[in-house]
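Visitor: test case, fold it:
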Amino acid sequence: MVNFPESSPLLTYKYKLRSRYSETDKMGYVYHGKFLEYFEVARVEMIRSYGIDYRMMEDEGIMLPVVEANIDFKLPVLYDEPILVKVHLFDKPSIRLRTYYEVEAIEREQLCVQAQVTLFFMNEKRRRPCKAPSYFLDRFEQAIQEVS
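Guide: Got it, this is the predicted structure:
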């Protein structure tokens with residue numbers, strides 16, 4: 001069970017997409033494993049929207065591996081259905097980036113999936129957790145201030 005914090009998120013990013021035929025199973029439902037891909041796309045686009053180049057972080061030796069994922073499937077997402085993936089941040093990133101997700105079927109106006117995914121900033125050479133780059137922290141702090 002995914003437990004969202006009771007406080008309001010510091011940031012919310014919204015990403016729209018449409019489910020594709022290749023992502024569905026025989027029942028016409030989006031295959032459960034595809035949601036982690038949806039979360040990744042939305043998370044990377046969120047990071048990009050704050051002016052951070054994910055590739056640049058990797059080129060600098062900073063990786064962001066997923067270390068935990070919890071998903072609650074409430075209703076299926078159907079083939080060719082427009083969906084909205086909301087990425088919520090409830091706490092400021094530091095060594096850990098904890099993200100929460102809601103997937104809504106836009107036309108049905110129904111919540112289909114809730115999830116929580118935790119990533120760690122990792123030094124590629126040492127393969128050890130490290131603090132997020134200062135520019136990453138600065139951009140997120142700036143985004144939080146703009147919302148407040």
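Visitor: what sits up against the helix or strand where Val117 lies?
Guide: In the assignment (DSSP states H and E), Val117 maps to strand 110-120. Outside strand 110-120, the residues within contact range by Cβ atoms under 8 Å, 6 or more residues apart in numbering are 2-4, 35-36, 39, 43, 64-77, 83, 95-105, 129. All C-beta atoms are positioned from the backbone trio N, CA, C, and that covers glycine.
Visitor: quick one: buried ones out of those?
Guide: 35, 39, 43, 64, 69, 71, 76-77, 83, 97-105 (16 or more other Cβ atoms under 10 Å).
Visitor: wait, is Pro93 part of a helix?
Guide: No: the assignment for Pro93 by DSSP: H, G, I helix; E, B strand; the rest coil gives coil, which leaves it out of any helix.
Visitor: quick one, what contacts the closest residue to it other than its chain neighbours?
Guide: Once flanking residues are discounted, Pro93 sits nearest to Ala132: 5.1 Å by Cβ to Cβ, 6 or more residues apart in numbering. By Cβ under 8 Å, 6+ apart, the contact set of Ala132 is 62, 93-95, 97, 121.
Visitor: apply 7 Å and report the result again.
Guide: 93-94, 121 (Cβ atoms under 7 Å, 6 or more residues apart in numbering).
Visitor: partners of Ala115 in the sheet?
Guide: Note on Ala115: beta-bridge partners by DSSP bridges are Ile71, Tyr101.
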